[in-house]
Each structure stands twice: as C-alpha cells, then as structure tokens.
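Predicted model, plus sequence, below.
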Amino acid sequence: MSKKKKDWKTEKERLLRMDRDERRKEGYRRQDYISLDKIPTWREDNYSDGREDGNVLTGTGGLSEKVSLYKGDITVLELDAIVNAANSSLLGGGGVDGCIHKAAGSCLYDECQTLNGCETGKAKITCGYDLPARFVIHTVGPVARGHVGPTETNDLTSCYQNSLRLVKEYGLSTVAFPCISTGIYGFPNEPAGDIALNTVKSWIEENPNTITRVIFCVFLETDFNIYKKKMSIIFEDNDMEVADEQLKGDNMSPSTRPTAKDDNRGKEEAGDENKADSDAEGIEDVVMESQNPDDDVALEELNQEEDENNSQGKCDDIGTEQNKHEDTVSEKKDKEDDKEDELSAAKTEEKETSKSTVEMEVVSETAAPGTSTGEGIKDHADSSGQHESILTDSMKSKDAAEKKE
Ligand SMILES: NC(=O)c1ccc[n+]([C@H]2O[C@H](COP(=O)([O-])OP(=O)(O)OC[C@H]3O[C@@H](n4cnc5c(N)ncnc54)[C@H](O)[C@@H]3O)[C@@H](O)[C@H]2O)c1
C-alpha cells in the first residue's frame with residue numbers, strides 16, 4: 001500500500017517542535033548520521049595530526065575551534081543546518097542539490113515550490129525533513145563556467161554571507177557548507193575556497209557568540225587538499241606553528257576521533273515559522289525565468305548536463321567518480337604531451353636525415369595491448385606527421401625472411 005503523502009506544513013511544525021534526542025528516538029531516514037561531537041574542530045584536527053613533539057595546546061584556539069574541515073556527504077551531518085548549492089528554481093537537480101532533495105524526501109520539494117525560486121547570491125531556508133539536519137539553507141551560486149570576474153566573486157561571497165545571515169536570524173549555531181558553484185556551475189576550486197574561508201572567517205569575527213561551528217564539507221580530494229592548505233594559514237592558531245607537511249597539503253583525511261562533547265547546541269525554537277511561508281502564502285508556483293538571457297543558455301546546457309549527471313547514480317559515489325574522471329583526464333593529457341614531444345623530436349630528426357628514405361620511428365609511451373612494455377610496437381611518423389603503430393625493423397626483417405622461405 002503506498003505511503004500517505006505528508007503535508008509539508010504539518011510535518012515541518014511537528015519536526016521543529018522536537019529536540020535532537022526526540023528526533024534520534026524517532027529515527028532519521030539514514031542511521032549512519034554524523035553527530036557534531038564526531039567532527040573534530042580544525043584546532044583538534046591539527047593537534048591530532050600525530051604531533052609527536054608534545055606541543056601542548058595552550059590558550060584558546062579562537063577561530064580554529066569554530067570551524068571544521070569534513071570530507072564526505074553533507075546529507076549525513078546532524079547539524080542545525082546544511083547549505084544546499086541549488087539552482088534558481090529551487091526545485092532540485094543533481095550534485096549536492098540532488099543528494100539533499102533525495103535524502104530529505106518529498107516534503108522538501110513541496111516547501112521549495114512555495115518559495116518562488118531564489119536569485120543568484122541570495123539564500124532561503126526550509127525545514128530539513130528526513131535529513132538529520134534541522135534546516136536546509138538553499139543558496140544559488142554564480143554560473144562561472146571557468147570565468148571569475150567581480151560579479152561572480154561578489155555573488156559567491158553573497159551566498160556565504162546570506163546563508164550565515166539566516167543562521168543568525170533563526171538562532172542556529174552549527175552549519176555546513178558544500179563547495180558552492182564549484183561543480184556544474186564551474187567556479188574554479190581555488191578562488192572559491194578563498195572566498196568561502198575568508199567570508200566565513202570575517203563573519204565569525206563579527207559574530208563570535210552566534211556560532212558554535214561552521215563545517216566546510218568537501219566532497220572531492222582536490223577540494224580537501226585546497227581547504228587543508230588554506231585553513232592552515234587562514235585559521236592558524238596563534239600558539240601553534242603550522243607544520244610544514246600541512247602547507248604541502250598532505251592527504252590525511254580529518255580524524256574522526258570523538259572529541260569533547262560540544263553541547264552548545266542551537267536554540268531549539270519550537271514551532272519555528274519560516275518567514276518565506278508567510279510571504280509565500282497563496283503564491284502560485286512560478287516557473288522561474290533566469291535572471292538574464294545568457295543564463296537561459298547556461299541553464300539550458302546545465303539542464304542537459306544535469307540530465308546526464310543525474311543518471312550517474314548514487315550521491316555518495318559522485319566524489320569517487322569525479323576523482324577517477326580527474327585521474328583519467330590527467331593521464332590522457334600526459335600521454336598526449338609525450339606524443340607531441342616525440343613528434344617534434346621526430347620532425348627535427350627528419351630534417352637532419354631528410355635525404356635518406358629511412359622512415360621515422362617514434363617509440364610510443366604506451367605499451368600496446370598484448371605487449372608488456374610496448375617494445376615490439378613503434379609509432380611511425382610519416383610525411384604528414386600522423387602517428388600510426390607499425391612493426392619494428394627487426395620484426396620487418398623477420399617477416400621478410402619468413403616470406404623468402
Ligand atoms: N554536479 C552535478 O553533477 C550536478 C548535476 C545537476 C545539477 N547540479 C546542481 O548544479 C547546480 C549548482 O551547481 P554547483 O556547482 O553549485 O553545485 P554542484 O554541482 O552540486 O557542486 C558543488 C560541490 O558539491 C559537491 N558535492 C556533490 N555531492 C555532494 C554531497 N552529497 N555532499 C557534499 N558535497 C557534494 C561537488 O563535488 C562540488 O564540489 C544546480 O543546478 C544543482 O542542481 C549539479
């Protein structure tokens with residue numbers, strides 16, 4: 001028998017009246033949730049990185065106790081809020097947006113439909129429903145597609161600022177950000193990391209008593225290394241030097257050693273109303289027009305890409321898929337570079353021996369299938385410089401000898 005569809009408003013009021021223990025007793029959809037006390041602060045992470053020198057932590061870590069670097073799926077984090085890298089329709093899609101909607105359940109979509117979309121750089125808040133997080137803050141990053149100008153920088157900065165503004169407005173104290181705009185919207189990872197870390201740092205300095213923890217939830221190895229390197233500088237403890245290997249961005253994943261219980265949980269405001277609810281009362285679902293004509297094209301392409309990506313399967317595998325993809329891409333690039341080097345070497349050699357009729361042979365880097373090292377197969381650069389695999393001299397003369405017999 002199909003489950004009765006829940007009314008999102010009733011479900012939201014019910015859930016927001018419950019405290020964390022009651023939510024846990026009822027059970028989240030995913031039992032493998034991660035509670036805050038399982039996520040070390042940046043300060044503890046640094047300390048737990050096998051610091052053998054007995055360097056005792058002195059004083060308070062300040063900022064470095066207010067932030068964490070976590071590598072994994074944002075939908076399992078049991079926090080006051082997780083931030084969604086949404087699109088302007090707020091009606092879901094793929095990537096982290098798709099994962100959050102899938103994990104939260106259909107009530108999230110139903111509530112989002114009443115929000116009338118969201119502009120780039122702005123943020124809107126909904127209940128988290130079946131997520132371990134109480135709220136979802138939806139923000140729309142800039143479609144950078146590799147280009148970062150003042151507009152893209154300002155829009156991405158606004159995403160973090162407006163999300164944190166809602167954290168403060170709703171009296172929340174723990175929040176996690178994904179790497180907004182760095183997936184399908186194509187914002188380069190390094191500058192995006194700088195914007196994320198520096199915007200959050202400034203906000204914490206201005207609101208020191210508002211927040212317990214901001215968690216940078218990265219999904220890809222690339223982002224993990226970028227954030228680790230930058231956080232060692234931006235959130236450096238005054239009383240701790242930054243270890244050299246950290247600056248090089250070692251690949252150690254953050255330890256999940258349980259830390260001292262952080263019971264500074266967000267204020268449990270029962271029956272918390274989402275401001276957008278009252279605004280959105282009775283508003284027809286509007287099909288969001290993009291902010292400017294160019295976006296239509298970008299979004300059109302994105303939707304096509306989204307369809308491809310959506311079929312890519314499970315959320316928690318995105319990171320591995322993308323890492324694998326990154327590895328193959330760089331391998332292919334190395335091989336192409338090698339071939340180009342060989343080609344230019346072959347061309348110079350050809351010039352020197354232009355009179356001889358001897359054909360150029362360039363050893364291919366890749367072992368051709370069926371040969372252990374590729375020794376038996378060589379590339380042949382003909383007059384047009386095209387590469388094709390041919391037999392080597394020794395194999396040719398062997399062939400000729402066989403033919404004579
Ligand atoms: N990346 C995709 O395959 C994909 C596909 C369709 C739509 N979208 C999304 O693309 C638009 C937003 O682009 P965007 O670059 O801001 O977002 P995004 O493409 O989701 O990428 C943002 C970052 O989130 C990372 N990420 C993906 N899944 C998770 C997860 N479960 N937990 C934590 N981090 C994760 C992802 O690796 C990237 O670093 C929206 O239209 C939205 O629907 C993404």
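Done, it's in.

Around Tyr28, how many other residues sit close by?
Applying other CB atoms under 10 Å, we find 17 residues neighbouring Tyr28. C-beta: built from backbone N, CA, C; applies to glycine.

and it, which of the three is it?
Using DSSP: H, G, I helix; E, B strand; the rest coil as the criterion, the local structure at Tyr28 reads coil.

Quick check: it vs the ligand, distance?
From Tyr28 across to the ligand, the span is 15 Å (CB to the nearest ligand atom, to the nearest Å).

so the closest residue to Lys12 other than its chain neighbours bridges to which residues?
Spatially, and ignoring its direct neighbours in sequence, Lys12 is nearest to Cys127 (4.2 Å; CB to CB, 6 or more residues apart in numbering). In this structure, Cys127 has the following beta-bridge partners (DSSP bridges): Phe135.

Cys127 is in contact with Arg14, isn't it?
No. Here Cys127 does not reach Arg14: they are 9.8 Å apart, not a contact under CB atoms under 8 Å.

Looking at the two, which is more packed in?
Between Cys127 and Arg14, Cys127 has the larger neighbour count (other CB under 10 Å), namely 25 against 13.

how about the residues of the stretch 1-150 of the chain that lie near the ligand?
Applying the criterion CB under 6 Å from any ligand atom, the portion of the stretch 1-150 of the chain that neighbours the ligand consists of 73-75, 85-87, 93-97, 99, 141.

taking those residues one by one, which sit in helices?
Secondary structure assignment by DSSP state H places Gly95, Val96, Asp97, Cys99 of those in helices.

quick one: the last one from Tyr185, how far?
Computed as CB to CB, to the nearest Å, the Cys99 to Tyr185 distance reads 16 Å.

sorry, back to before: closest to Ser173 among the residues of the stretch 1-150 of the chain next to the ligand?
Nearest to Ser173 among those: Ile74, at 17.4 Å, using CB to CB.

For the closest one, which non-adjacent residue is spatially closest?
Once flanking residues are discounted, Ile74 sits nearest to Cys217: 4.4 Å by CB to CB, 6+ apart.

neighbours around that neighbour, how many?
Other residues close to Cys217 by other CB under 10 Å number 26.

Which is the succeeding secondary structure element to the helix or strand where it lies?
In this assignment (DSSP states H and E), Cys217 forms part of strand 213-218. Next helix or strand after strand 213-218 toward the C-terminus (DSSP H and E): helix 221-234.

now the strands: where do they sit in this structure?
Under the criterion DSSP state E, the chain carries strands at the ranges 34-35, 67-71, 77-78, 81-86, 123-127, 135-140, 174-177, 213-218, 360-363, 377-381, 387-391.

got these as CSV, with mean pLDDT columns?
Putting these into CSV (pLDDT from 0 to 100) gives the following:
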stretch, mean pLDDT
strand 34-35, 97
strand 67-71, 98
strand 77-78, 98
strand 81-86, 98
strand 123-127, 98
strand 135-140, 98
strand 174-177, 98
strand 213-218, 98
strand 360-363, 34
strand 377-381, 35
strand 387-391, 35
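
Okay, the residue nearest to Ile74 and Leu91: tell me how far apart.
Between Cys217 and Leu91 the distance, using CB to CB, works out to 22 Å.

what's the answer for Glu22, then?
Look at Glu22 and Leu91: by CB to CB, they are 30 Å apart.

So between these two, which is more surrounded?
In this comparison of Glu22 against Leu91, neighbours counted by other CB under 10 Å, the higher total goes to Leu91 at 17 against 11.

and Gly95, how far is that from Thr182?
Using CB to CB, we find Gly95 at a distance of 10 Å from Thr182.

what's the answer for Lys38, then?
Plainly put, Lys38 is 25 Å away from Thr182 if you go by CB to CB.

the more surrounded of these two?
More neighbours sit around Thr182 than around the other of Lys38 and Thr182, counting by other CB under 10 Å; the figures are 27 against 14.

then stretch 29-40 to PDB, C-alphas only?
As requested, C-alpha coordinates have been extracted for stretch 29-40 and formatted as PDB (Å, rounded to 0.1, in the frame of the first residue of the first chain):
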ATOM      1  CA  ARG A  29      16.000   8.100   7.400                       C
ATOM      2  CA  ARG A  30      19.700   7.400   7.500                       C
ATOM      3  CA  GLN A  31      21.000   5.700  10.600                       C
ATOM      4  CA  ASP A  32      24.700   6.500   9.600                       C
ATOM      5  CA  TYR A  33      24.300  10.100  10.600                       C
ATOM      6  CA  ILE A  34      27.400  12.000  11.900                       C
ATOM      7  CA  SER A  35      26.800  14.000  15.100                       C
ATOM      8  CA  LEU A  36      28.800  17.200  15.800                       C
ATOM      9  CA  ASP A  37      30.900  15.500  18.500                       C
ATOM     10  CA  LYS A  38      32.300  13.200  15.900                       C
ATOM     11  CA  ILE A  39      33.600  16.100  13.900                       C
ATOM     12  CA  PRO A  40      36.900  17.500  15.300                       C
END
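
Could you count how many residues lie near Gly121?
By other CB under 10 Å, neighbour count at Gly121 equals 21.

got it, and the one 4 residues further on?
A count of neighbours around Ile125, defined by other CB under 10 Å, yields 24.

Can you give me the distance of it to the ligand?
Here the distance between Ile125 and the ligand works out to 17 Å (CB to the nearest ligand atom).

is it true that that residue touches Ala133?
No. With contact defined as CB under 8 Å, Ile125 does not count as touching Ala133 (11.2 Å).

so what sits against both of those two?
Common contacts of Ile125 and Ala133, defined by CB atoms under 8 Å, 6 or more residues apart in numbering, comprise Ala81.
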